[in-house]
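Trainee: Quick one, structure for this:
(2 chains, ligands or ions: 2)
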Amino acid sequence: MSTTVETRVPSGRAEQAPPSGPLTRLRWAVVDGWVMTGRNMRHVIRSPEEIVLYFSLPIMFVLVFGYVFGSGMAVPGDGSYREFLLPGVFVMTMLYGLGATASQIAVDAGRGVVDRFRSLPMARSALLTGRAGADLLRALLELSVLVVCGLLVGWRWRNGLGDAAAAVGLILLLRLALTWLGILLGLLVPNPDTVSVIVFPLAFPLTALSNVFVAPELLPEWLGAIAAWNPLSATVAAARDLFGNPGLGGGSWAAEHALLLAVGWPVLLIAVIAPLAVRRYQRLSR
Amino acid sequence: MTDETSAVVARGVRKTYGRTAALDGFDLTVPPGTVCGLLGPNGAGKTTAVRVLATLLRFDAGHARVAGHDVTRHPERVRAAIGLTGQYAAVDETLSGRQNLVLFGRLRHLPSRTVRRRADELLDQFGLTDAAGRSAGTYSGGMRRRLDLAASLITRPQVLFLDEPTTGLDPRSRNGLWDAVRTLVADGTTVLLTTQYLEEADQLADRVSVVDAGRVVAEGTSAELKARSGADRIELVVRHAGQLPTAAALVERITGGTVRVDREIRQLSAPVADRITALAELLRALQDAGIAVEDVVLRRPTLDEAFLHLTGDRSGRAGTEVAA
Ligand SMILES: Nc1ncnc2c1ncn2[C@@H]1O[C@H](COP(=O)(O)OP(=O)(O)OP(=O)(O)O)[C@@H](O)[C@H]1O
Ligand SMILES: [Mg+2]
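Mentor: Ligands and ions are numbered 1, 2, ... in the order given. Next up, the predicted model:
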C-alpha cells in the first residue's frame, strides 16, 4: 500500500440511485445480467483446458454414436442413420451441459464472492441470468462445432437456411430451460462435487428414453409412449423436421405436434424453474 | 443524536442460529463521519452484526437503519450507500485483480471509463499494480485482503463496514489501510470496524463498543474503556527465592494492592495506580532492603485482561443458549 493517491472518488450517492420504477429495474436486471455474462465468459477464457473439453465431448458423441452404433441401426423410412442421429446429438450435448451449469453455480454459491455480489446495488437475479447467458453462448459455440462435424460426416440441412436457423433456435431454447434446471440443481446441492453424482443418473435415462438414438415406434409400445412425450424428443423431432432429416413418423399426438411441444416444454420448464431458482438464491446463507 | 440522523443504528437486534443467539438485543448508534470500533472475543457476534447491517443476513427481531434507510424495508438503498469488506475475502479468484475491480465497478453502474480509471487508481493505492493482471487466486493472503478492501472503495461509500480488516496484513499494509480509512473519514465517510486488537481501536476509532455474547456490554472512547478495564500492573522477578516474602511485603506496602506470588519463576505482581511514582519508590525500597531484582515490567492491562474485565467470565464463550 503506497501513498494515498489524490483523486476524485465517485461518491456512493450520485450515480447509483437505486432503481425506482419497474422499467428501471428491468433495465438494471438486463445490464447486470449482461455484465455477469461477461464475467463468466472471462472465466472460460482464463481456463483454456476447459475449452478443449467443451469441444471434445460433442465431437466424441458424433464419432462414437455415428460410427460405432450407427452401423447396425435402422431408421424408419429410409435415410442414413448418421443423418437421423445428428439432431439427437445436438440435443444430447445441450443436456449434458446442464452438469457444467450446475457445478459452476454451486462453485459460485460456495465462494466468498457471492457476499460481495449481495452487498452491491445490483439486480439480485444477475448472478443467475449471467450464468444462463454465458451458458447459452457456450451452447452456441458447441453447436457450431457440432454442425461442422456433422457436415464432415455427411449430415445436411435440406430445407434451407431459415428452417435450419429455426431448428437451432429451438435447440437453444431447450438449452435455456436446461440451464435453469442446472442453476436450481447447483443451488440445491451441498457442494460442487455432488453435481456429477446427480447429473449422470438424471441425464442418462432421459436420453435413453427418447428418440435421440432410436425412433420411438421401433420401441415397445409403452416405452415408445414415454419416449414420445419426453421433452428432449419434442425438440429432436422438431429439429429433424426443420433440418429435413429422416426419422419422422409415428402416429402419436406428441409426435405430430412436435413443434408445439418443442416450444411448450421449455417455456413451461423455465416458467416453473426460474422463479424457484431465484427464490432459492435469495435464501442462500440466510 | 436521533435515530434518523445517525449513520448506523441498531435497536434490539436479535439473530438466532438454532438455539444459539448470535445477536441478542444488539444496540448500536454511530454518528455520521465517525469511526466506531466493535471489539469482542471470538464468537461475540461481531461478524453477524456487520452482516445484518450490510443486508447480507435477515434477523429475527429489532430494527436497523444504515445511511438513513431501513435495512429490512429498503435493502437496495442501503446497498447503494455502503462498502463492505467482510472477514473473509470476497473477490473472484479466477479473474485478475483489475478485472475484479472493473466488474464490481460496473455492477455499481458506473460508466466504464470511470470504472477503468478508478480501478487503476485503487490498484496503485493498494500496491497491487504489478499483480493487476494476475488472477486473484494466485495472490498472497495479504494481497487478497488489499484487493478486497479496494473493491469496497470503488465508490466512496457513505458507510463503510470493515470486518477485521487488518488481520493478516503486514505492518506496512496495516498502516496504509489505517491511512486510507482516515482519509475517507476526513471526507465524511462513516466507518464501522470490528477488531480483536485494542491498538487498532485506539488508533482509529472515535468510540468503541465492546461486544460479548451478542450484545454491547461496554461503550466509550478507548481511553474510557481502558480506565474501566482495570489498573496497570507491575511485575518483578527477584534473584533469590528466599527474598520473596520480604519483597512481597514491600510491594504490598507501596502499591497497596493484593500481591500475587509465583514461586516457580520468582515473580511478584500487583496492580498499581500511580505508575511511575510507585515504580521509582519500589525500586529504591528494594535496593535499600538489599533485594536483587532481575526484571521489572510495568504494563497496561492486556487485551485479555480488558476482555475479562469488561465481559466478565463469559468472554470466549460462543453465543448464549436460548431458553427453551
Ligand atoms: N451460519 C451460522 N450457523 C450457526 N451458527 C452461527 C453461524 N454464524 C455464526 N454463528 C454463531 O454465532 C455466534 C457469533 O458469530 P460471529 O461470527 O458473529 O462472531 P464474531 O464476533 O465475528 O467472532 P470472530 O471474532 O471469531 O470472527 C457464534 O456463536 C457462532 O458460532
Ligand atoms: Mg467475525
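Trainee: per-residue confidence at residue A:86?
Mentor: Looking at residue A:86, its pLDDT is 88.
Trainee: Just say helix, strand or coil for it.
Mentor: Classification of residue A:86 by DSSP: H, G, I helix; E, B strand; the rest coil places it in helix.
Trainee: Determine which residue lies closest to the centroid of the chain.
Mentor: Because you didn't say which chain, this covers chain A. Most central in chain A under Cα atoms, centre = their mean is residue A:175, positioned 2.7 Å from the mean C-alpha point.
Trainee: my question was about chain B
Mentor: Nearest to the mean C-alpha position of chain B, by Cα atoms, centre = their mean, lies residue B:195 at 1.9 Å.
Trainee: That one: what's it in contact with?
Mentor: B:37-39, B:164-166, B:201 (Cβ atoms under 8 Å, 6 or more residues apart in numbering or on different chains). The way it works is simple: take the backbone N, C-alpha and C, and place the C-beta from them, glycine included.
Trainee: Kindly report the same for residue A:156.
Mentor: Shown in contact with residue A:156 (Cβ under 8 Å, 6+ apart): A:83, A:243-244.
Trainee: where's it, which helix or strand?
Mentor: Following DSSP states H and E, there is no helix or strand that holds residue A:156.
Trainee: before we move on, the earlier item: please confirm that the residue nearest to the centre of chain A is located within a helix.
Mentor: Yes - according to three-state DSSP, residue A:175 belongs to a helix.
Trainee: Show me what the residue nearest to residue B:265 when sequence neighbours are not counted is bridged to.
Mentor: Once flanking residues are discounted, residue B:265 sits nearest to residue B:237: 6.7 Å by Cβ to Cβ, 6 or more residues apart in numbering or on different chains. Beta-bridge pairing for residue B:237 (DSSP bridges): residue B:267, residue B:295.
Trainee: So, low pLDDT: which residues of the stretch 151-286 of chain A?
Mentor: A:248-250, A:285-286 (pLDDT under 70).
Trainee: where along it do the helices fall?
Mentor: Taking DSSP state H, counting those that start in this stretch as the test, the helices found in the stretch 151-286 of chain A are A:160-188, A:192-208, A:221-229, A:231-243, A:253-256, A:258-283.
Trainee: in which helix or strand would I find the residue of the stretch 101-250 of chain A found nearest ligand 1?
Mentor: Using Cβ to the nearest ligand atom, the closest approach of the stretch 101-250 of chain A to ligand 1 is made by residue A:115 at 12.5 Å. Using DSSP H and E, residue A:115 sits in helix A:113-119.
Trainee: Can you list the neighbours in contact with that helix?
Mentor: Contacts of helix A:113-119 (Cβ under 8 Å, 6+ apart): A:108, A:124, A:126-127, A:284-285, B:54-56, B:79, B:82, B:84, B:86, B:88, B:90-93, B:104, B:107, B:151.
Trainee: go again using 7 Å as the cut-off
Mentor: A:108, A:127, B:54-56, B:79, B:82, B:84, B:86, B:90-92, B:104, B:151 (Cβ atoms under 7 Å, 6 or more residues apart in numbering or on different chains).
Trainee: Output it in CSV with nothing but the alpha carbons.
Mentor: Output of helix A:113-119 as CSV, limited to C-alpha atoms (Å, rounded to 0.1, in the frame of the first residue of the first chain):
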residue,chain,number,x,y,z
VAL,A,113,-17.5,-13.5,-3.8
VAL,A,114,-21.3,-14.1,-3.5
ASP,A,115,-21.2,-11.9,-0.4
ARG,A,116,-19.8,-9.1,-2.4
PHE,A,117,-22.4,-9.6,-5.1
ARG,A,118,-25.1,-9.5,-2.5
SER,A,119,-23.8,-6.3,-0.9
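Trainee: Contacts (any at all) between ligand 2 and it?
Mentor: No - between helix A:113-119 and ligand 2, judged by Cβ under 5 Å from the ion, nothing touches; the nearest distance is 12.8 Å.
Trainee: Determine the set of other helices and strands touching the strand or helix carrying residue B:280.
Mentor: Under the criterion of DSSP H and E, residue B:280 resides in helix B:275-288. Helix B:275-288 sits against strand B:232-238, helix B:244-255, strand B:293-299, with contacts defined as 3 or more Cβ pairs under 7 Å, 6 or more residues apart in numbering or on different chains; DSSP states H and E.
Trainee: Out of these, which is the most enclosed?
Mentor: strand B:232-238 (a mean of 19; mean count of other Cβ atoms under 10 Å in any protein chain shown).
Trainee: which strand residues sit across from the spatially closest residue to residue B:59 that is not a sequence neighbour in the sheet?
Mentor: Leaving aside its sequence neighbours, residue B:59 sits nearest to residue B:15 (Cβ to Cβ, 6+ apart; 4.4 Å). On the basis of DSSP bridges, residue B:15 is bridged to residue B:23.
Trainee: So residue B:15 sits against residue B:48, correct?
Mentor: Yes - Residue B:15 is within contact range of residue B:48, at 5.7 Å (criterion: Cβ atoms under 7 Å).
Trainee: Show me the common contact partners of those two, please.
Mentor: B:22-23, B:57.
Trainee: can you give me the helices in the stretch 51-200 of chain B?
Mentor: Shown for the stretch 51-200 of chain B, the helices assigned by DSSP H, counting those that start in this stretch span residues B:75-81, B:97-107, B:112-125, B:141-151, B:171-186, B:198-204.
Trainee: Burial check on residue B:198, number of neighbours?
Mentor: When neighbours are counted by other Cβ atoms under 10 Å in any protein chain shown, residue B:198 registers 21.
Trainee: Chain A contacts on the stretch 1-150 of chain B?
Mentor: B:54-58, B:76-77, B:79-82, B:84, B:86, B:88-92, B:94-95, B:99, B:103-104, B:106-110, B:114, B:118, B:121, B:124-127, B:135, B:146 (Cβ under 7 Å from any Cβ of the partner chain).
Trainee: Just the buried residues of those.
Mentor: The neighbour-count test (16 or more other Cβ atoms under 10 Å in any protein chain shown) marks B:54-57, B:76-77, B:79-82, B:84, B:86, B:89-92, B:94-95, B:99, B:103-104, B:106-110, B:114, B:118, B:121, B:124-127, B:135, B:146 as buried among these.
Trainee: what residues go with each domain of chain B?
Mentor: Chain B breaks down into these domains under automatic domain parsing: B:8-227, B:231-300.
Trainee: what distance separates the longest one from the centre of its chain?
Mentor: Put plainly, it is domain B:8-227. Domain B:8-227 sits 11 Å away from the centroid of its parent chain (Cα atoms, centre = their mean, to the nearest Å).
Trainee: ok, now stretch A:150-169?
Mentor: From the chain centre to the centre of stretch A:150-169 is a distance of 19 Å (Cα atoms, centre = their mean).
Trainee: cool, stretch A:198-218 as well?
Mentor: Between the centre of stretch A:198-218 and the centre of its chain there are 16 Å (Cα atoms, centre = their mean).
Trainee: So what would you say the end-to-end distance of it is?
Mentor: Stretch A:198-218 stretches 29 Å from its first residue to its last (Cα to Cα, to the nearest Å).
Trainee: Buried residues in that stretch, which are they?
Mentor: So stretch A:198-218, judged by 16+ other Cβ under 10 Å, has buried residues A:199, A:203, A:206-207, A:209-217.
Trainee: now, among those, which is nearest to chain B?
Mentor: Using Cβ to the nearest Cβ, residue A:199 comes nearest to chain B of the buried residues of stretch A:198-218, at 22.0 Å.
Trainee: List the single closest residue to that closest one in space, sequence neighbours excluded.
Mentor: residue A:99 (3.9 Å).
Trainee: close enough to count as contact, the one you found and residue A:196?
Mentor: Yes - in this structure, residue A:99 is within contact of residue A:196 by Cβ under 7 Å, at 6.3 Å.
Trainee: okay, now whichever residue of chain B sits closest to ligand 2: neighbour count?
Mentor: Closest residue of chain B to ligand 2, Cβ to the ion: residue B:47 (3.1 Å). For residue B:47, the count of nearby residues is 21 (other Cβ under 10 Å).
Trainee: looking at it, it is touching residue B:87, isn't it?
Mentor: Yes - in this structure, residue B:47 is within contact of residue B:87 by Cβ under 7 Å, at 5.2 Å.
Trainee: list residues touching both of the two?
Mentor: Counting by Cβ under 7 Å, 6+ apart, the residues touching both residue B:47 and residue B:87 are residue B:163.
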